[in-house]
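Undergrad: please find the sequence and the predicted model below.
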Amino acid sequence: MTATLAPHREPGSPAPASSRRLADRVFRIREFGIVAVLVVFVAVTASIQSRFLSSTNIQFILVDATIFALLALGETIVVISRNVDLSVGSVLGLSAFLTARLASNTHGLPLPLVFLAGIGIGLLCGIVNGLMVTIGRVPSLVVTLATLYIIRGADVLIVGGGQVVPSSYYPSFLTISKATVAGIPDLAIVVAVVIAGGAYWLRTYRSGRELYAIGSNPDAARLAGIPMGRRVFTAFALSGAIAGVAGVLWASRYGTVDSTAGTSYELQVVAAVVVGGVAIFGGSGSVVGAAIGALLLQTINSALYVLGVSPNWDQAIAGFLLILAIVLDRLISLRLTASLRRRSARRGA
Amino acid sequence: MGPGEEDGHRSPGADAGADAGEPGSPAEPAPDSAAPAPVSRSAPAGTSPPEPAGTSPAAPVDTPSMDSPGTPPAPAAPVNTTSPDSPNTPDSPNTPDSTATADAGTDAGAPVVLSLEHVSKSFGAVRAVIDGSIELRAGEAHALVGENGAGKSTMVKILAGVHQPDSGTLLVNGQPTELHGPAGAIGAGIAIIYQEPTLFPDLSVAENIFMGRQPLRRGRRIDGREMTTEADALFARLGVRIDPGRIARGLSIADQQVVEIAKALSLNARVIVMDEPTAALSAVEVARLFDVIAALRADGAAVLFISHRLEEVFEICQRVTVMRDGRHVLTSPLAGLTTGDLVRAMVGRDMPERVAGERGAPGAVQLTAQRLTREGVFTDVSFEVRAGEIVALAGLVGAGRSEVARAIFGIDRYDAGTVTAGGRQLRKGSPTAAMTAGIGFVPEDRRQQGLVMEMSIQQNVALASLATLRKAGIIRASAERSFAADWAVRLSVKYGRLTDPVSMLSGGNQQKVVLAKWLGRRPSILIVDEPTRGIDVGTKADVHNLLDRLAGEGIAVLMISSELPEVLRLADRILVMREGRLAAEFTQAEASEESIMAAATGQLEAQER
Amino acid sequence: MRALLRRAPLAASTLVVASAVAVAACSSSGSATPSSSSSSSGSGSSTAKTGLKIFVIPKNLGNPYFTTADSKGTGGALAAISALGDSGTETSGTAATSASQIPAIQAAITKGANALVVSATDPTALCPTLNGAIKRKIPVVTYDSDAPSCRSLFINQASTSAIGTSEVDLLAKQIGDSGEIGIVSAAASATNQNAWIGYMKTELAKYPKIKLVATVYGNDDPATATQVTQGLLEQYPNLKGIISPTTVGILAAAGVLDSAKYRGKVMLTGLGTPDSMKKYVSDGTVKAFELWNPANLGYLAGYAAADIAGGTLKVTQGATFTAGKLGQFTIGADNTVLLGPPTVFDSANINNFNF
Amino acid sequence: MRWETGLVVVVIAIAIMGSSLSPQFLTANNFFNLGLNNGEIAIMALPMALIIISGEIDLSVESTLGMSSAVLGVLWADHWPMLAIFVVVAVVGALAGAINGLLVTRVGLPSLAVTIGTLALYRGIALILLGPRTVANFPTIYTNVGIVAIPHTDLPYSIGIFIVLAVIFAIVLHATPFGRSIYAMGDNAEAAMFAGLRVKRIKTTLFIVSGVASALAGVLFTFRLNTAVQDNGTGLSLDVVAIVLLAGVSIFGGKGSIGGVFLAVLAFAGLQNALLLTNFNQEATGLVTGGLLLVSVFVPNAAMFVRSIRRAVTRMTRRMPSEPALSMPRKDT
C-alpha cells in the first residue's frame, strides 16, 4: 500500500465518484466476464450439439458442478484471507469413504447424521490445518501440502483395499443427488442457497469483511485489532467442514467410494476459484464468482465429452484456462491501477 | 469520547467539538482553491513568539516533569478561557483565540489520562527503548520529539499494543493496564495514526475507516448506508471530499493519510497518537488537521503528536517530551522553549555547522534528464548535473522526487523523455545500464531497498561489485573481504566483524554500508535519496562531509532530501518539485527555507500572480 | 525359470503340521468346494519346502479388486500361501504406476523373497527388475496382468477371446441384435482392456446391425467414468447398449443409467463384481454381466507360486497340479494357466455369490 | 546448531534404524536401488532449491518431466535419431521453464499460481501428445541407466549425474555472483533490484534451468522404466518440494544450501527405503512424506510455537479476554 503511484493532489478536488464507478465497472467486468465466457461457450457447444442443452445433460452438469462449487466456496473463504487450502481433495476423500460406510445398510445411520458426520470429519481436518497455520505459524501452502499427503495417507490406511459400492447404501442416500425440482437438481438448489448464504456472510458481516481485510493487507489488519488468528482459523475450519459435506455428496453422486476419491481435486478447485476472479493473494473476489468458475470448468469438461473431443485435451484446456484467467486478472488490475493513477494525475494537474 | 468523570473539563470543549463536527462549519471552501489559506509551515517564527509572551515565561528547560507529575512547572491557565468557536476559525494559528487554546492545554490540573512509566523494550540485542516515559493529560497536544532511532516509534507501538514492554508500566486513567494486541489498545481508547498508511487496498474507503467496528443493523449485519454517512461526516469534519465507496487502491499518499486520520477520529478515542501525520500533507491539509487537533483537545482528548517539523510542534502542542537513545530526556511545557533548546535536548549537543570548504567550478555535464515523463507521476522533468556539483531535488513528500530518481536509475520505466549519463543515452528500465554508465543510487528506504538485512556487512558492501571480485566466475573470498574491509575503513563504519549480519549495525552505519556499496563501484554520478534520514547526528555529519568530499573529487551528486537545512548546507543548486513538475530552481546563494517551501507548496506561483 | 530342487531338512516335519492347519482353515471357512487341499500332483507334496517368503505385489495397494484377490480373509493369494505353510506379504506402491511398483519389487527381492506373485502395471518397465529376480532363481508368477517375457508362469483369469466374445453376445441378446452401442473402458493404455476390446470388435462382425459408435475411457475413476458415460449418452441419443469391461466402469455406468429415463432402454453389460452390482440387477438397470472370481484368481496364483518355490511344481507345458479348493489345473501353452470361464451373473443367480 | 548438522544426525539415525531393522539395508545392491528410485527427484531438487531460495516455487516440474517423456516417446516412435530427440527434449524443457519464468517475472504473477496452471497444462500436453499410447523398446544402451551401475561403482547413472550437478549447483549458488544474487533477491527482492541485480532475468533463468533439469529427469525416468506414458512422474513435485524444505531451505526464500539438499535427498531416500524393507504399511508412505514436510517447517518454528502456547495458557489462566496469536509469519521490524 505504501507504493502509491499518484502524486499529491489538492484535497477536495472534484469528487472521485467517477473512479468509483470505474472500479465498480471493472470488478463487475471480472464476474460478468466469466458469465459471458460461460454463455458463449454454452451457445457454441449447443449450436454444434443441440443435445448439450437437454434437461438430463444440464442436470448432469449441475450436479457435478455442485460439488466443485461447494469446494470452491470453502477455498474462496481461505484464499480471500491470503492463504490456500490444498487439502480439500484429501478431506473430501476421507469424508466420502467414512460417511459412505455410515450410510450403508449395515450401519444405517439416518441421513442428517451422515451429513453431520461428514461435517465433523471435515471440521476436524480443517481445525488441524487452522491450528498449524495460526498457532504454528507455518505458511498455509506448506501446511496443507503436508496434510494433503497425511490425510490421504490416513484415508488409504483406513480404507485399505476396501470400497463402498452403491448396492450397500440405503436407497435414500443415492437419491440425494438424483432428485429434481422442475428439472433442476435439488442438490444444485440447496448448494446455490448455501453459496448465496456464504456470499451474504462475506459481504455483510464483520467477520466476513475482516477476512477480506486480512487478505488485503495483513499488517494493517493486525494494527486494526482484527483477531487474525481466529478469523484465519475459522476460514480453514469452514473450508474443512465444507469439504466434508462435499465428501458426502460425492459418495452419493458416484456411489463407488474407495481410497482414491477426490484425488487431485485441490488443483481443480484452486483453478475454479482463480478463474472465478478471486485474487490468489487474497483481499478480493467473491464466492459467487468462484462458484461460476466451478460451473464454467465443469461445463467445459462436459462439453468436451458431449462434443466427442478426445478427453486427452481436457487437462491441457483446464491448465490453459487457469493461466489465462490469472493473466487477464493481472492485466485488468494493472489497467485499473494505471487508470486510477492517470485520473488523479489529471485532477492534480 | 471519554467517560463522565471529566465532564467538568470537557463541557466548553465539547461544545467546540460539536461545532467542529458540523459538516458545514469549515467556514471557507479553501481546499478547492489552488492558493491555500495563509497558513504556513514556512514561517514558524510568526507563530512561536506569541507563546512565550503569552503565559509561561519561566518554565525551566531542564526540569523533567515526569519525576514530579504533581508539581508541574507551568502555571495553570483556566480551561474556561477556551473560546468555544476557536477551532472553527480557519486561520486559527494566527488568531489570538488559538493562542488561548494552546495555553489551555498547559492546564496542569487536567487529569492524566495515560502514562507510560519507565518502560523498556528490546528486540534481541537491540535495546530500542531503555527508559521511556510519557504522560498525557486530557485536553493537551503533547509533542514527542527525538532523532530517528531515539525510540519514538517503539513507544508508539507499545501504546498501540503491538509491542508489550519488557518492563515499566502503562497507566490508563491511573490504572495499570496491559494491552493485548492492537484490539486491546483500541478498547482502552487509544487510536494511532501511523506514519505509513496502513490501508486495505482492496476495500472501500468507508470500510477502511470502520474495519472491525462497522455500524450494525438488525441481526448484526453491517449497515452499509450508515457507514457511508458516517464516513462522509468524518471527511466533512476534515474538510476533504473523498468518496467513501471507492476502493482505497490508487489513493494519493495525502488522501491515504486523510483516511488514516478519519479512522482515528472514528474511534472517538481519548488518546490519539499521531506519528508524523503531516509528512505527506499539503499546507491546507495541515491547517485542517490542526483545527481537528484543537477540536479534539477541546473535547478533552489527549493528542500525542510526533513530528520532525519542530515549527509544527511549537504551533500546535503545549508540552513536549524529548527522547534520546531510548531514554526519556525531558518533559516540559513548550512555552519558553526555543527550537535550539529542543534540538540540543534531542541530540545532546549543538548541531555542527557546515564543514564543507569551497568547491571548484563544476565540470562537464555528467547526467542529463530531458523531458522525463511518467504518466500520473511526474511530467516534463529536465535538468542536468555536472561533475563536481551537488544538485538537490527538494519538494514535499509525494512531489515525485524519488520517482524521478528511480526512473533515472532504471527501477521504474518512464513514458517519455531521455536520460543521458556519461554521454550515453540510457536504456529505459535497466539499472544495469545505469550502473554501467557510472551511476550509483543510495535509495530512500535503507532497510527495504538499500540493504539485504540477512546478509553480512561484507556481502552487502560487495553486492554491487561482484563482477569485479570474481575470477573465473567464482567470487574470491579474500578479495571480497579486503574489498569490504577497505571501504568500511574508508567510510569509518563501526562494526564488530565483517561477517556479522548488517542488521546488527546502527542506522547510520547501515547507511555507510549502502554508501560503501556504491562508492566501491567508483561511480561518476551518485544519486542519494534522503541520505541522512534516521541516522544519528555524528554519522549525519560524516555523511555530509563525505558527500562534500565526493563532489570535490569530481563526482556529480544528485541529492534528494526533505531536510531543508541539509539541502541549503550541501547543494550548489536546488531544484524544487511540486506535483510531479519542476517548480523552481535556485542557486545556493538564492535559496532560503522560505523560498524553497513557497515553491514546493505552490505559493510562489500564487505570489507571482 | 528352473524350479528349486534343494530341500530344507526341516521342511518335511513342519509340512505335516502346516497341512493340518491348512485343512482346518479351509473347512472351517466353509468353502463352497471343500476339496482335498493337501493333495497335489506332480513331484509330490511330501517333498515341498515350507516357511518360504512369498511376496504378492498387485498393481497398487488400496485397490478393492486386488484386495479381494490377495487377502487371506477373502480366500485369495495370501490364503493359499499360508495354507501351504509359507509366509506371504502383500506389498506395492499406492499408485498403479510402474514407478511406484518397482521399488516394492526391488525391496521384496532385497528382503530375500522365495517367490513373487505380480500383477504387472507395465510389462516393459517391470521386466528388468523381474528378470533380475529370475536370475536369482526367484520364480515370478504373474496374475491378472501379464509380463510375458519375464515371468515363470501367468495365471490367466479368463481367456481373452472368451471375455471379448461373451460380452458382445450378452449385450446382443439384450438389445435384440441391432442398434448403436458404446464401450466404457478403463485407462486407454490398459493392455487387457484393449485386448478384450479387440476381440469384441471381431465378434461384432457377426452382428451386422449392431454398430459400435464410440469407446470412451473412465480411467477406473468413478467420477471420470460417470462423466464419460454421461457424455456418451448425450452424444449418441440413440445408444442401445454399453459394454464396460471394468468393474469401476460398469458401476459408474450403472449409476448413470439408474434413472427412469434410461432404465430398460439402454442395456449395460461387462465385467463387474456381483456384490457391487446386486442393486442394479435387482432394480432392472442391468440384466446380466460376468466376471471371474478374483479371490480364486489370487488363490491360484499364490498356490502356484508356493508350489514352484517349494519345488513341487515344475513349469513345463502340460504339467498339472491341484490348487487346493480349486481343483486341478494344467499348464498350457506359453506357460499359462487358465482359471476357467467367467461366470455370468443375472437376477436368477446373483444372490448366490458373495464377492 | 546449523540445519545441516541436524540433517547429518537424521541421516545417521536413519542408517542405524534401517540397518537394525533390516540386514539388507546397508548393502550395495540396496543402495543401488535406493539411488535409482530417487535419482530423478534428486536432480529436480537442485534447481527447485535455487528457485525457492530466490523466493519463488515451481510446482510444474513433475509435468515438465511427463511432457518431456511424452516428447521422447512420440519422437522415438517416429523413428527420430536419439541425439536429435535429446536436443528437442532439452528445448521443450527450456521452453516449459521459460513460460513459467516469463509469466512470473514479466507479467508479474505469483509463481505458485502460475506453476499450478502449468502443472495441469504440461501434463495435458503430454496427454495430447501420447494419448493412451505407451512407447517402449528404447535401445538397450539407454535403458541400461535403469539396470546397470556406473563402472567400478555401485551408483546408478542418475545418481552420478546428480552428484556432478550438485557440485556444479553448489559452486554456482555459494561461490558466484549469480548465486549471491539468488540469496539477495530471496531475502529482499527490492533491495536486490536497487543493487542493480537482474532479478527478473535471474529468476527466468532459474525457471529455465528447472525446466531443463526436469526434462533431463524425464529422459532418465523414461529410460529407467523403458516406458513413455503420459502419467510418468505424477506426484513427484510434492516429493521434490518436501526434500527441498527438509534441506532447510526457507519457504520464504533467502536461506538454504546445496549441502542441505544433498543430505535431505539421503534422508528422504533412506527413510523411504527403510520403510519398504521393514514391514511398514506401504499404504502409509504419504503419512511419512507429509509428516517429514511438517516436521521440517515446524522445527524452526518450535520455539515460537511453544512460546505462543505458553502465552495462550497464561492468558487463559488469567481469564483475560483471549487475544488469538497472530498468524501471518512476518518479521517484526
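TA: Received it, and whenever you're ready, just let me know what you need.
Undergrad: packing partners for whichever strand or helix holds residue B:144?
TA: Applying DSSP states H and E as the criterion places residue B:144 in strand B:141-145. Judged by 3 or more C-beta pairs under 8 Å, 6 or more residues apart in numbering or on different chains; DSSP states H and E, the packing partners of strand B:141-145 are strand B:126-137, helix B:152-159, strand B:302-306, helix B:310-316, strand B:319-324. For every residue, glycine as well, the C-beta is placed using N, CA and C.
Undergrad: among those, which is nearest residue A:43?
TA: In terms of C-beta to C-beta, the element of the helices and strands packed on strand B:141-145 nearest to residue A:43 is helix B:152-159, at 57.6 Å.
Undergrad: residues contacting that closest one, please?
TA: With C-beta atoms under 8 Å, 6 or more residues apart in numbering or on different chains as the test, helix B:152-159 has contacts from B:114, B:116, B:119, B:121, B:128-129, B:132, B:134, B:144-146, B:163-165, B:170, B:179, B:185, B:190, B:192, B:194-195, B:271, B:273, B:275, B:304, B:306, B:323, B:326.
Undergrad: quick one: the next helix-or-strand element following it to helix B:152-159, angle?
TA: The element immediately downstream of helix B:152-159 (helix or strand, assigned by DSSP H and E) is strand B:167-172. Between the axes of strand B:167-172 and helix B:152-159, defined by axes from the mean of the first three to the mean of the last three C-alpha atoms, to 10 degrees, the angle is 60 degrees.
Undergrad: the chain: helices as residue ranges?
TA: Let's take chain A. Using DSSP state H, the helices of chain A run over A:17-48, A:55-80, A:88-102, A:111-134, A:140-159, A:171-175, A:186-204, A:206-216, A:218-223, A:228-254, A:265-275, A:287-307, A:314-348.
Undergrad: wait, chain D
TA: Under DSSP H, chain D gives helices at D:3-21, D:28-53, D:61-77, D:82-105, D:111-130, D:140-143, D:157-175, D:177-187, D:189-194, D:199-225, D:236-246, D:258-277, D:285-318.
Undergrad: from those, which stretch is densest packed?
TA: Among the helices of chain D, the stretch with the highest mean neighbour count (mean count of other C-beta atoms under 10 Å in any protein chain shown) is helix D:61-77, at a mean of 28.
Undergrad: OK, contacts around the residue nearest the centre of chain C?
TA: Per C-alpha atoms, centre = their mean, the C-alpha nearest to the average position across chain C is that of residue C:144, at 4.0 Å. Taking C-beta under 8 Å, 6+ apart, we find residue C:144 in contact with C:58, C:59, C:66, C:69, C:119, C:155, C:157, C:192, C:294, C:297.
Undergrad: isn't the fifth one up against residue C:140?
TA: Read that as residue C:119. No. Using C-beta atoms under 8 Å, residue C:119 makes no contact with residue C:140, being 11.4 Å away.
Undergrad: what average pLDDT does stretch A:198-216 get?
TA: When pLDDT is averaged over stretch A:198-216, the result is 94.
Undergrad: columns distance to chain C and mean neighbour count on top of the helices of chain A, output as CSV?
TA: Converted to CSV, those look like this (distance: least, C-beta to the nearest C-beta, whole Å; neighbours: other C-beta atoms under 10 Å in any protein chain shown):
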stretch, distance to chain C, mean neighbour count
helix A:17-48, 11, 15
helix A:55-80, 5, 26
helix A:88-102, 10, 29
helix A:111-134, 17, 22
helix A:140-159, 5, 24
helix A:171-175, 8, 16
helix A:186-204, 14, 18
helix A:206-216, 30, 25
helix A:218-223, 36, 22
helix A:228-254, 4, 27
helix A:265-275, 9, 27
helix A:287-307, 2, 25
helix A:314-348, 9, 19
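Undergrad: pLDDT at the residue nearest to the centre of chain C, what is it?
TA: 88.
Undergrad: next, count neighbours for the nearest residue to residue A:254 once chain neighbours are set aside.
TA: Distances taken as C-beta to C-beta, 6 or more residues apart in numbering or on different chains place residue C:222 nearest to residue A:254, at 4.0 Å, with adjacent residues excluded. If you count neighbours by other C-beta atoms under 10 Å in any protein chain shown, residue C:222 ends up with 28.
Undergrad: quickly note the distance from residue C:322 to residue C:312.
TA: Distance of residue C:322 to residue C:312, given as C-beta to C-beta, to the nearest Å: 10 Å.
Undergrad: check contacts around the one residue in chain B that gets nearest to chain C.
TA: In chain B, the residue found nearest to chain C is residue B:202; the distance is 34.8 Å by C-beta to the nearest C-beta. Going by C-beta under 8 Å, 6+ apart, residue B:202 touches A:212, A:215, A:216, A:279, A:283, A:284, B:247, B:248, B:249.
Undergrad: pick out the most distant pair among the residues you listed.
TA: Farthest pair in the contacts of residue B:202, by C-beta to C-beta: A:279 and B:248, 14.7 Å.
Undergrad: local confidence estimate at the closest residue to residue B:327 other than its chain neighbours?
TA: Nearest residue to residue B:327 in three dimensions, chain neighbours excluded: residue B:131, at 4.8 Å (C-beta to C-beta, 6+ apart). If you check residue B:131, the pLDDT there is 92.
Undergrad: list the contacts of residue B:131.
TA: By C-beta under 8 Å, 6+ apart, the contact set of residue B:131 is B:118, B:119, B:120, B:168, B:326, B:327, B:328.
Undergrad: repeat the analysis, applying 6 Å as the threshold.
TA: When contacts are counted by C-beta atoms under 6 Å, 6 or more residues apart in numbering or on different chains, residue B:131 touches B:118, B:327, B:328.
Undergrad: now, which of those residues sits nearest residue D:75?
TA: Of all these, residue D:75 sits closest to residue B:327, with 74.6 Å by C-beta to C-beta.
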